Every structure is written in structure tokens, then in C-alpha cells.
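J.: Kindly return the folded structure for what I paste below:
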Amino acid sequence: MKKRVVVTGLGVCAPNGVGIPAFTKSIKEGISGIQFRQELADLNFGCQIAGQPQIPEDLLSSYFTPLQLRDLEATGIVYGMIAGVDAWKDAGLTVTDKETVDYDSGIIFGTSLLGAEKFRKAIYLTDEGKVKRLGSTTVIQTMASGISAYLGGYLGCGNQVTTNSSACTTGTESILMGYERIANGQAIRMLVGGCNDSGPYIWGGFDAMRVLNKKHNDQPELGSRPMQSDAGGFVPGSGAGALVLESLESAIAREATIYAEILGGAVNSGGQRQAGSMTAPNSVAVQRCIKDALQYANVHPDSIDTINGHLTATGMCPTEVKNWSEALGRAGKDFPYINSLKSMTGHCLAAAGSIESVATVLELSEGMVFGNVNCDDIHEDILTIVDQERIPNKTIHTEIKVAAKASFGFGDVNCCILLKKYDI
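T.: Next comes the predicted model:
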């Protein structure tokens, strides 16, 4: 039998809140973290707004040594350390001494790439023949697994310590990977999550693809408009989200706070076939991923109370809602509540799934469905499928028992997980 897996710790470094208290307040009250970025305007970006965590300078000394802080330019590592360490401490877990290795605990913390600014400087120094000036941290700040390495060293984890990378699916996929490791008895607890760098070297490629919103540079908080008829593209974001997953037996033995239970999920790819491409989803595969997740988690479609969708504010939002409807066999007023955190944070790329999963866990534990911001003109194709009351524009305080969270990424990759309010 597979072991039951629960969530015992949460951490977040999001555009609209650093730390769980601030983030919870933001999602309850619909507070946006999207701001105008002068550096993007100076660089002639079409989209000059973005979501980026606001971190007080004095906060970093709690997560890094003075030596580590010297020349630390990988913002994704900063975000990931804050979220990961906070989640660990929130779970009531301690950091091992420098001689002890915790072989029961592991880390799967994903990202797309790290240290873009650091890598840029390294290229210039190398081209100028100044290799000796690169410093000793260039490799650790630019390798994708830098974040899991930093967290692993801080916490002393001795189980699997690795980084996954699957575009926008990364954060949700890390949760499923950690769940499976615990469910199969290969670890007692896993710190899982995802992070993403911020800045023009990350967001520039998306601006060039013309998939970002250029219409609200003078009204940043109105820029991210998932499911809306006037959605003009997504707003780029950054940050990190983290969860501590643990076997139920261990959580009970420690008398730990249990936020929610992970029931399972599924991951697949559309193979970039059947209308799927590098940037567009294969709807057959998306629906199959949702159905497989339900089957694996032993959840009936009618049991799902709310969906935290991928819903990026591009032209694919109606397609996603249609896929959910067909996969679940539900529509109209029978459709679950559905929301998109991206209306408040923008699209945080590899960190999106983990930050949004933290929000989903909070919905279960706090008894609420957070409202969609900028939700006043829903796309007509969506309203032919879903009754408008199922797309709340303000937070609804109601007990929910089962929630679905899905992410879909470049490369036609999909991941869906099912979470449940914990009960004995």
C-alpha cells in the first residue's frame, strides 16, 4: 500500500507577498503584486510591467552567510531559499548541525534557469580574457540545480536532492515527484517547490514572442487578465513557492500541523501532436492528464470543489476551461469554482505551479476560494461552458474538501495534482 502524504509546511516569496501571512492576506483581499518596471521601459520592452517579490535587504542575512551574499546575483536562488527555509521551519523542523545528515529528508526544487545576470557578466569577462575574475560562485549560481544545492546544504538533507525543469509545469511537477517518493516509502519527508529568476534577461524572450500584455503599462494592476475577453497576453512574474510533504505517520508522530493531504496526480506530454506544439497544448493530452490524475488519486470528478488553473491570460484560457469541462464532464452551475492566481502575481514561469499550489493549500486549510482579480468581462466562449458564479471575483469563504491544481508548459507538457482537506 502506498503511504498517505500530507503537507506540513508552507513557504512563499511571491510578487504579492513574501511570507505566508502577507501572501494569505493578499490572496484573500485580491492584492496585486504587479508593478511598472522602469528598467523594462529603458530597454524598449513592449510589456513594461511585471511581478517581482519585494525583499527587504536586511532579510537575506537570515538565509545566507556573509560569504554567500557576496556577489549573489541569482534572484531565483534568493527567492527559493526564502520560500524553502520558511516552509521547513513552518513544518516545525529544525536545521541539522554541521555534522549530521538527515537521510530521511530530501529536496526536489525546480527552476528553468538560474543566475541570468551572473551568467551575462561571466560571458563578458570570459570574452575579455578575464576568466580569473569570474569568482568562485559563478557555477553554483548559474547551474539549474544551484537552488537544491543551496537548500540541501542549509538543511543537511541526505535523501534525494535534485532539481527538475519542465517549463511552466516545473513547480507542480516537483510536488508530484516528491509525493511519489514518500508514497513509495523512499523518503519520510520532501521539501518541494519551484523558483524563477526575475529581470529583463528572463522576460525579454517572451516580449519578443509577443505573448506579453502591452496594453496596461500605465495601469500595472489591471494588466493580468485571465479568462477575460480583453486579455492581451500574460504579465511576466518571478518568485518561489515551497511545501514540506511528509508521510502521515511521521506528521502524526511529530504532532505537526497538517495543512492538507496530497492524493496524487499525473504528468504527461502531448508530444507536440494533434494541434499541440512547442507553445500550444494538445487538448487530448491535457484532458488525459486530468483524467489520469483523478484515477490515480481515486477521486470522482463530481468531488472536485475548486480548480486552480494554469490560465495565463492569453488566448488559450477558453481552451483550458473547455478541457477541464470535457475531462470532468461538468459544466454550467455544476462546474467547480475556478480561479487563477496569475491575476495577482503574473505568470511566475517555473515558480508558478508551486506558488499557486501554496495558494491552493491555503484555500483548503482556510476554508475559502480566493477571488479572481480583474474579472469583470469574462470571455464569451468561457461563459458558454461555465456559469459566471463559478468564476468568483471576490473571495468566497466556504469549506472545500477537494481541489485540483494543474500547470501546462512549453514543450506541450502537463501536470495535474489533487489535494484534499485533511481528515482522519
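
J.: Could you list the buried residues of the worst-scoring helix or strand of the chain on mean pLDDT?
T.: Least confident helix or strand of the chain, by mean pLDDT, DSSP states H and E, is helix 66-69 with a mean of 89. For helix 66-69, burial by neighbour count (16 or more other Cβ atoms under 10 Å) applies to Gln68. C-beta here means a position set from N, CA and C on the backbone, and glycine is covered the same way.

J.: neighbouring contacts of it?
T.: With contact meaning Cβ atoms under 8 Å, 6 or more residues apart in numbering, helix 66-69 is reached by 60-61, 137, 150.

J.: Pull out the buried residues from the residues you listed.
T.: Using 16+ other Cβ under 10 Å, the buried ones in the contacts of helix 66-69 are 137, 150.

J.: Give me the subset of the contacts of helix 66-69 lying in strands.
T.: Cross-referencing these against strands under DSSP state E gives no overlap.

J.: any chance of the contacts of helix 66-69 in a markdown table, with distance to Thr172 and pLDDT too?
T.: Formatted as a markdown table, the contacts of helix 66-69 follow (distance: Cβ to Cβ, whole Å; pLDDT from 0 to 100):
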| residue | distance to Thr172 | pLDDT |
| --- | --- | --- |
| Leu60 | 27 | 93 |
| Ser61 | 31 | 92 |
| Thr137 | 30 | 90 |
| Tyr150 | 22 | 96 |
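
J.: Quickly check the contacts of helix 66-69 for the two that are furthest apart.
T.: Spanning the widest gap among the contacts of helix 66-69 are Ser61 and Thr137, at 17.0 Å by Cβ to Cβ.

J.: follow-up on the earlier one: tell me the helix or strand right after the least confident helix or strand of the chain.
T.: Downstream of helix 66-69, the next assigned helix or strand under DSSP states H and E is helix 75-90.

J.: starting at the chain centroid, how far to that following helix?
T.: Its chain's C-alpha centre and that of helix 75-90 lie 13 Å apart, by Cα atoms, centre = their mean, to the nearest Å.

J.: Now that helix: buried residues?
T.: Judged by neighbour count using 16+ other Cβ under 10 Å, the buried positions of helix 75-90 are 75-88, 90.

J.: Over to stretch 383-394?
T.: Within stretch 383-394, the residues scored as buried using 16+ other Cβ under 10 Å are 385-386, 390-392.

J.: With stretch 346-359 instead?
T.: 346-359.

J.: Adding secondary structure, pLDDT and distance to Ala187, write the residues you listed out as JSON lines.
T.: Formatted as JSON lines, these follow (DSSP: H, G, I helix; E, B strand; the rest coil; pLDDT from 0 to 100; distance: Cβ to Cβ, whole Å):
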{"residue": "Gly346", "secondary structure": "coil", "pLDDT": "98", "distance to Ala187": "33"}
{"residue": "His347", "secondary structure": "strand", "pLDDT": "98", "distance to Ala187": "31"}
{"residue": "Cys348", "secondary structure": "coil", "pLDDT": "98", "distance to Ala187": "26"}
{"residue": "Leu349", "secondary structure": "helix", "pLDDT": "98", "distance to Ala187": "27"}
{"residue": "Ala350", "secondary structure": "helix", "pLDDT": "98", "distance to Ala187": "22"}
{"residue": "Ala351", "secondary structure": "helix", "pLDDT": "98", "distance to Ala187": "23"}
{"residue": "Ala352", "secondary structure": "helix", "pLDDT": "98", "distance to Ala187": "25"}
{"residue": "Gly353", "secondary structure": "helix", "pLDDT": "98", "distance to Ala187": "20"}
{"residue": "Ser354", "secondary structure": "helix", "pLDDT": "98", "distance to Ala187": "18"}
{"residue": "Ile355", "secondary structure": "helix", "pLDDT": "98", "distance to Ala187": "23"}
{"residue": "Glu356", "secondary structure": "helix", "pLDDT": "98", "distance to Ala187": "24"}
{"residue": "Ser357", "secondary structure": "helix", "pLDDT": "98", "distance to Ala187": "19"}
{"residue": "Val358", "secondary structure": "helix", "pLDDT": "98", "distance to Ala187": "21"}
{"residue": "Ala359", "secondary structure": "helix", "pLDDT": "98", "distance to Ala187": "25"}
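
J.: on that earlier part again, next, format the buried residues of stretch 383-394 as CSV and append secondary structure, distance to Asn372 and pLDDT.
T.: Formatted as CSV, those follow (DSSP: H, G, I helix; E, B strand; the rest coil; distance: Cβ to Cβ, whole Å; pLDDT from 0 to 100):
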residue, secondary structure, distance to Asn372, pLDDT
Ile385, coil, 16, 98
Val386, strand, 12, 98
Arg390, helix, 11, 98
Ile391, coil, 6, 98
Pro392, coil, 6, 98
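
J.: And the residue nearest to Asp90 when sequence neighbours are not counted, which helix or strand is it part of?
T.: Excluding the flanking residues, the one nearest Asp90 by Cβ to Cβ, 6 or more residues apart in numbering is Gly9, at 4.2 Å. Gly9 is part of strand 5-14, with elements assigned from DSSP H and E.

J.: what does the average pLDDT come to for the helix or strand just after that strand?
T.: Going down the chain from strand 5-14, the next helix or strand is strand 17-18, by DSSP H and E. Mean pLDDT, strand 17-18: 98.

J.: ok, back up a step: what about the contacts of helix 66-69, which are in helices?
T.: Tyr150 (DSSP state H).

J.: and the contacts of helix 66-69 as JSON lines, adding distance to Tyr124?
T.: Below are the contacts of helix 66-69 laid out as JSON lines (distance: Cβ to Cβ, whole Å):
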{"residue": "Leu60", "distance to Tyr124": "25"}
{"residue": "Ser61", "distance to Tyr124": "29"}
{"residue": "Thr137", "distance to Tyr124": "16"}
{"residue": "Tyr150", "distance to Tyr124": "25"}
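
J.: Was I right to think the residue nearest to Asp90 contacts Leu243?
T.: Yes: using Cβ atoms under 8 Å, Gly9 is in contact with Leu243, at 6.7 Å.

J.: Is it correct that Thr204 falls within a helix?
T.: Check again: residue 204 is Gly, not Thr. Yes: assigned with DSSP: H, G, I helix; E, B strand; the rest coil, Gly204 falls within a helix.

J.: contacting residues for Met227?
T.: Per Cβ under 8 Å, 6+ apart, neighbours of Met227: 311, 313, 317-318, 321, 340, 372, 375, 378-379, 382, 391.

J.: Per-residue pLDDT of it, please?
T.: Met227 is given a pLDDT of 98.

J.: Skipping its backbone neighbours, what lies nearest it in space?
T.: Per Cβ to Cβ, 6+ apart, closest to Met227 is Cys317, 4.8 Å.

J.: wait, isn't Ile338 in contact with His310?
T.: No: between Ile338 and His310 there is no contact under Cβ under 8 Å: 10.9 Å.
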